[in-house]
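Undergrad: Provided below are the primary sequence and the corresponding predicted coordinates.
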Amino acid sequence: MSEKKEYKVIGTRPIRHDGVDKVTGRALYGADFQTTGLLHGKVLRSRHAHARIKSIDTSRAEAHPDVKAVVTAADLPTAADKIADLGESAVNLKYLCDNILASDKALYTGHAVAALAASDPHTAEEALELIDVEYEVLPPVLEVREAMEDDAPLLHENLKTDAMGEKSEESSNVASHFQHKKGDIDTGFAEADVVIEHDFVTGTVHQGYIEPHNATALYNPDGQLTIWCSTQGAFAVRQQVSEILQIPVSKVKVVPMEIGGGFGGKISVYLEPVAALLSKKSGRPVKVLMNRAEVFEATGPTPASYIRVKMGVTNDGRITAAEGYLAFEAGAYPGSPVGAGAMCIFSPYNIPNGLIDGYDVVVNKPKSNAYRAPGATNAEFAAETVVDEICEKLGMDPLEFRILNGAEEGVSRIDGPVFPRIGCIEATEAAKEHPHYEAPLEGENRGRGVASGFWFNVGLKSSVAINVNPDGTISLVEGSTDIGGTRASIAMQAAEVLGIPAESVYPTVVDTNSVGYTDVTGGSRTAFATGYAAYEAAQDVKQQMTERAAKLWEVDAAEVQFADGDFVCVNGKDERMSFKELAARLDEVGGPVTGRASVDPTGVGGAFATHIVDVEVDPDTGKVEILRYTATQDAGKAVHPSYVEGQMQGGVTQGIGWALNEEYIYDKDGRMSNASFLDYRMPTCLDLPMIDTVIVEVPNPGHPYGVRGVGEVPIVPPPAAIANAIYRAIGVRMKELPMSPGRILKTMGKL
Amino acid sequence: MENFAYVNAANVEQASSLLSGEWGETMVIAGGTDLLGELKEYVETPAKVVNLKTISGLDEIKADATGLTIGALATVGDIAAHPTIQEDYTVLAEAAASVASPQIRNVGTLGGNLCQRPRCWYYRNAEIICLKKGGDMCYAVEGLSKYHAIFGGGPVYIVHPSDTAPALIALGATVKIIGPDGEKTMPLEEFFILPDINPQRENVLEPNEVVAEVHVPKPSANTKSFYIKARERGSFDFALSSVAAALEMNGSTCGGASIVLGGVAPIPWRSKEAEAALNGVRITEAVAKRAGSEAVKHAEPLNDNGYKVALTQNLVSRAVMKAS
């Protein structure tokens, strides 16, 4: 796969198939769903960060004439303590149910305690006051290191630490401790001439998608449940709802509405089971929408973390050892992305001796969820800052250091896997060769920083069906939510196989009854795996069409070939038909052609990125201005380069927000103080420069077109790159995110 | 939000007559950019909301040789874009342009910007009955005070959120108020009151009084004025600290200085100390530095807002140097 291939559709930039609907406002999002007899649900949420629920009295709400149903955790089937397979992350079902509606304890401010449905949303909101909950308020624990203390308040009385397979005797907030080892860490540090060690703290941040969570459910008397919602995975919703409500998956149909952003935060269900229970009780369809404060307080941000990194190098710049200690806040229930953080933290490097300890720790904050390369940004902020200091101590160019120590095919990560063909060094070389890196940076308080990042990407299961239309177009049916332009990138892979233009493909994302099982849009898998399924389904179409051409020409199928978009007879007969011509004549030779494929590809190609950033720090105000930004990344093969660039720019933008301003601010009682877009400061266009992108293409041998996932890795380097640039600008190492003006002034010693 | 009656006012006098004499029962709405958030989050639960947008002529901006008269319904965006204001009342145009986002500036009014409530996260949380809402403590004292006051605090430590108010005070503006007893005019500086006078309000308005217009005397031709605002992001953000400066310059000597700080006190904070360091003095870098340190010499930061002292000091110095 290493040679350059010529493609007709792959690598071009057609207009996206969903573009017109979106720019004209016609696309139907979850909140747009309407149906006859619709009720509106609202959720009563705990205003305490940690409290025992002593009683819930719903009688006053039930007596309200416009309230049609009230539900609490008592309406959920008793959850067996078993693991539901949710694809990207395993979730303990008891915890999953408790997060939907708290049973014995409310574990964070915003935790759902009860819900009701009424004839209109305002009545529903007002009627929440009629639900009486008696709490025993408990002290909250809000920070990972505090939660790990022996005398910390316990969230779960029965939670024992799973320490490398062994269960602890005592209950703890530490849900698990794992360790990865490679080589011999002591030997590695003994060989080092320079050892740098620092600890780092990152804040809780939210994905910040524009569209709040939503769900509408209709639970028919025959036991058939239909759910309309915005989700990254309709099948994941089906699976979770089936587990939570203890009904077979065949009883649940999930209809995915258009999605207004997810970034990992729309994989877990929150409202869907609640809407279903309310519909079951009321006998009517029920729609539940979150407002922005609910999204902040009660969905899944990516967690705060405490990370310690120690790295040793020889004087000639070779890394001899690296040690990482990662403690991540899981939120109220186990399951932080610390595992993924540990997989990524040192992975841009070839490191002979390594030791990584990871801790998953519960705290009184919302259960964390995936956010674009979950865990990796936290981890590599720490590692890449230490690398920068090492380069400074050695007097070595930080990109040369990364190239010298760069991971490549055959190198094993500290957590075990051996890299196949990857583009780590190529992406770094592209940064080094970029004019930005050598451009003069004049003026006081300006600095240039670099950082690299890794995200492993995933494969998982995808299904695609293709129906050939008589006009020579195809309808492509898929189960993958389109968040980042994947209707286009998947359609283009089918078009390439069939020699037709991308515009001749009509992709549709359909409900769970209408396509084969497809895992969530997450892990940067969709263009890769669902694209792979589209490729295979198109191959199926091509094969069937070849047989039809043979039938039409009354020759053997082996005598028909498909080349350059035409079916050609190769037995001497002068026969040639385009895909379009043959499509029009299918009825003469057996009727419609439908191709299909379900895949679970294993040849996943990891993604690497290297970023360069110039900043200017205002020493009077502590404000950091991003002057210039360049992101390089190995995309394997960019199916639609514009959308790859868009992913890179979007990742960088979110990374800049995380680096400079974004954080959940909790008061001592565990109330979020800034649960609005006004007070939770995501960057605006005025906070960003034009973000330059360089797509590097080192084809992934595990995909027919060499595709690697591209969506996640660009969020990984920005905080470290910016911290390193700040250091070069003002000589101060920032070890805590966000690097807000007040914190910079403080670190500069100006206070 | 709670249900409320919605009444359109035909003129300011009628608006006043539609308002209750008790706080909390009625409220006025113009742009609504701040009020709607308060209503949705149950911070305010009035029984009646009186709409001022139906009052014709109250959005006019009139500039003549004596000064500038701005109706309370003039939008912040119109003020920012007004050529005469940009030319002769620069600090006001710059302050208006720095407010929130273009969408909010297009609907938010001058009256609303002057009378908006603080963005304090304790005040904005309906579950917290703080001193500002009739409770018995200001939660910022022991709690999270990153965005709170370093001047004039006690017993409440909110900061006044307006950008236009410091600018208007620096220009010596007066404000016309209409209430049940007719109209009155006062210096805008006296319109705002510290929490030790009334912890629950930020200004002298009675519940049934309405801001009608603001008048700004025309600055002398040799007045230099500008607004410097430090904020965490480039748009859609309040001032961590801001400086509205108007300096009458005779060559390089300052004939008279108005330095009014935003984002650092429960009211727009006039820095008499900084002004004293400038009046009658030839402006040099050393003078600018001294003005900065004078400006913050009485600052009293809370636990989390010490950075605002250094920030404000630097901004004042920078503002003075800009005038030189």
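TA: Looks like it came in fine. Numbering: from 1, shown residues only, chains lettered A, B, ... in the order given.

Undergrad: The stretch 201-324 of chain B against chain A: which residues are in contact?
TA: Contact residues, the stretch 201-324 of chain B versus chain A (Cβ under 8 Å from any Cβ of the partner chain): B:230, B:232-237, B:240, B:304-311, B:314-315, B:317-318. (C-beta placed from N, C-alpha, C; glycine too.)

Undergrad: ends of stretch A:578-595, how far apart?
TA: 18 Å (Cα to Cα, to the nearest Å).

Undergrad: how about that stretch: buried residues?
TA: Buried residues in stretch A:578-595, counted by 16 or more other Cβ atoms under 10 Å in any protein chain shown: A:579, A:580, A:582, A:583, A:586, A:589, A:593, A:594, A:595.

Undergrad: Next: stretch A:275-290.
TA: A:275-282, A:284-290.

Undergrad: what's the answer for stretch A:669-684, then?
TA: In stretch A:669-684, counting by 16+ other Cβ under 10 Å, buried: A:669-676, A:678-683.

Undergrad: In TSV, list those residues along with secondary structure, pLDDT and distance to chain B.
TA: As requested, those are exported to TSV (DSSP: H, G, I helix; E, B strand; the rest coil; pLDDT from 0 to 100; distance: Cβ to the nearest Cβ, whole Å):
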residue	secondary structure	pLDDT	distance to chain B
A:669	coil	95	9
A:670	coil	97	12
A:671	coil	95	7
A:672	strand	97	9
A:673	coil	96	4
A:674	coil	97	6
A:675	coil	97	9
A:676	coil	96	8
A:678	coil	95	7
A:679	coil	96	7
A:680	coil	97	11
A:681	coil	96	5
A:682	coil	97	8
A:683	coil	96	6
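
Undergrad: returning to that earlier point: select only the buried ones of the residues of the stretch 201-324 of chain B next to chain A in ChimeraX?
TA: The buried residues among those can be selected in ChimeraX (16+ other Cβ under 10 Å) with this line:
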select /B:230,232,233,235,236,237,240,304,305,306,307,308,309,310,311,314,315,317,318
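
Undergrad: so what's residue 86 scoring on pLDDT?
TA: With no chain named, the answer covers chain A. With respect to pLDDT, residue A:86 scores 45.

Undergrad: The intended chain is chain B.
TA: At residue B:86, pLDDT is 98.

Undergrad: So, low pLDDT: which residues of the stretch 151-300 of chain B?
TA: Counting by pLDDT under 70, the stretch 151-300 of chain B shows no low-confidence range.

Undergrad: Mind telling me which residue of it is nearest chain A?
TA: Residue nearest to chain A within the stretch 151-300 of chain B: residue B:234 (3.0 Å; Cβ to the nearest Cβ).

Undergrad: and residue 148, how many residues sit next to it?
TA: Reading this off chain A. When neighbours are counted by other Cβ atoms under 10 Å in any protein chain shown, residue A:148 registers 19.

Undergrad: You answered for a different chain; I wanted chain B.
TA: Under the criterion other Cβ under 10 Å, the count of neighbours that residue B:148 has is 30.

Undergrad: got it, and residue A:223?
TA: Other residues close to residue A:223 by other Cβ under 10 Å number 11.

Undergrad: again with residue B:297
TA: There are 12 residues near residue B:297, going by other Cβ under 10 Å.

Undergrad: count of neighbours near the spatially closest residue to residue B:250 that is not a sequence neighbour?
TA: Sequence neighbours aside, residue B:222 is the residue nearest to residue B:250 in space, at 6.7 Å (criterion: Cβ to Cβ, 6 or more residues apart in numbering or on different chains). Counted with other Cβ under 10 Å, residues neighbouring residue B:222 total 11.

Undergrad: Spell out which parts of the stretch 101-250 of chain A neighbour chain B.
TA: A:122, A:126.

Undergrad: meant to ask about chain A, not that
TA: So chain A meets chain B at A:47, A:122, A:126, A:293, A:620-623, A:660-661, A:665, A:667-668, A:671, A:673-674, A:676, A:678-679, A:681-687, A:740-743, A:745-746, A:750-751 (Cβ under 8 Å from any Cβ).

Undergrad: which of these count as buried?
TA: Buried among those (16+ other Cβ under 10 Å): A:47, A:126, A:293, A:620-623, A:660-661, A:665, A:667, A:671, A:673-674, A:676, A:678-679, A:681-683, A:687, A:740-743, A:745-746, A:750.

Undergrad: In a helix, residue A:385, correct?
TA: Yes. Assessed with DSSP: H, G, I helix; E, B strand; the rest coil, residue A:385 lies in a helix.

Undergrad: Next one: it relative to residue A:657, how far apart?
TA: 18 Å (Cβ to Cβ, to the nearest Å).

Undergrad: and if you look at residue B:314?
TA: Taken as Cβ to Cβ, the span from residue B:314 to residue A:657 is 25 Å.

Undergrad: do the same with residue A:530
TA: For residue A:530 relative to residue A:657 (Cβ to Cβ), the value is 29 Å.

Undergrad: Neighbour count: the two, which is higher?
TA: For residue A:530 and residue A:657, the more surrounded residue by other Cβ under 10 Å is residue A:530, and the numbers stand at 31 against 26.

Undergrad: hang on, the earlier thing: which SSE is the residue of the stretch 151-300 of chain B closest to chain A in?
TA: Following DSSP states H and E, one finds residue B:234 outside all helices and strands.

Undergrad: Show the contacting residues for the residue lying closest to it once chain neighbours are set aside.
TA: Of all residues not flanking residue B:234 in the chain, residue A:686 sits nearest, at 3.0 Å (Cβ to Cβ, 6+ apart). Contacts for residue A:686 (Cβ atoms under 8 Å, 6 or more residues apart in numbering or on different chains) come out as B:233, B:234, B:235.

Undergrad: and what of residue A:163?
TA: Contact partners of residue A:163, counting by Cβ under 8 Å, 6+ apart, are A:176, A:177.

Undergrad: Tell me what it is bridged to.
TA: Beta-bridge pairing for residue A:163 (DSSP bridges): residue A:166, residue A:177.

Undergrad: Could you point out the helix or strand that follows the top strand by length along chain A?
TA: Counting by DSSP state E, the longest strand found in chain A is strand A:319-331. Next along the chain after strand A:319-331, taking DSSP H and E as the criterion, comes helix A:338-344.

Undergrad: Give me the contact list for stretch B:65-72.
TA: Contacts for stretch B:65-72 (Cβ under 8 Å, 6+ apart): B:30, B:52, B:57-63, B:79, B:84-85, B:88-89, B:109-111, B:210-218.

Undergrad: Likewise for stretch A:571-579?
TA: A:472, A:498-500, A:545, A:549, A:552-553, A:555-556, A:559, A:565-569, A:585.

Undergrad: For that stretch, give the mean pLDDT please.
TA: pLDDT averaged over stretch A:571-579 gives 91.

Undergrad: and what of stretch B:303-315?
TA: Stretch B:303-315 comes out at a mean pLDDT of 96.

Undergrad: Next: stretch B:122-133.
TA: Mean pLDDT, stretch B:122-133: 96.

Undergrad: and that stretch, how far apart are its ends?
TA: Termini of stretch B:122-133 sit 10 Å apart (Cα to Cα).

Undergrad: Kindly report the same for stretch A:627-645.
TA: 19 Å.

Undergrad: Scan the chain for its longest helix.
TA: Picking chain A for this. Criterion DSSP state H: the longest helix present in chain A is helix A:531-553.

Undergrad: nope, chain B
TA: Under DSSP H, chain B gives helix B:307-323 as its longest helix.
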